[in-house]
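Asks: no letters, just coordinates:
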């Protein structure tokens, strides 16, 4: 379950802040597992809350979405058999100066012909410092699961209002 929890999310990826730009970009992310709790429901399904960290890189190293670190929390609902029912969460990304950009993420599909692993969407909802007013959204694909995290790709757009 822990491995399913760290999709990236993230994300997740898309876990990164932006300066004044509005161009689409792509990149990679890697997550590292942190503390988690699991609650078993009466029907045998489980809800897991996972705290994890993430680092994201843009394919263009000069892009403002390159090289940011994120602190995240995710919620994962699995069936009694261990199949993913739903997953979502939020992350706050930090640049080297300490400015932040926060985003939500969710898993949209898994185990399909166009998404054999886990795939989802993300969107910014808050920012501080140079990222104040950030908006944007995109998608992510988790392509590798490790014993202590995961990695994948992300793409999307971001801009300041």
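Replies: Noted; the coordinates are in hand. What you see is a predicted model; the values in this text were computed from it and never measured.

Asks: residues of the strand ranked longest in the chain that come out buried?
Replies: Under DSSP state E, the strand in the chain containing the largest number of residues is strand 25-40. Neighbour-count burial for strand 25-40, with 16 or more other Cβ atoms under 10 Å as criterion, is recorded at 25, 27, 28, 29, 30, 31, 33, 34, 36. Bear in mind the C-beta positions are built from the backbone N, C-alpha and C, glycine included.

Asks: likewise for stretch 92-106?
Replies: 92, 93, 94, 95, 99, 100, 101, 102, 103, 104, 105, 106.

Asks: could I get those residues as a markdown table with pLDDT?
Replies: Putting the buried residues of stretch 92-106 into a markdown table (pLDDT from 0 to 100) gives the following:
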| residue | pLDDT |
| --- | --- |
| 92 | 97 |
| 93 | 94 |
| 94 | 94 |
| 95 | 92 |
| 99 | 93 |
| 100 | 94 |
| 101 | 93 |
| 102 | 96 |
| 103 | 95 |
| 104 | 98 |
| 105 | 98 |
| 106 | 98 |
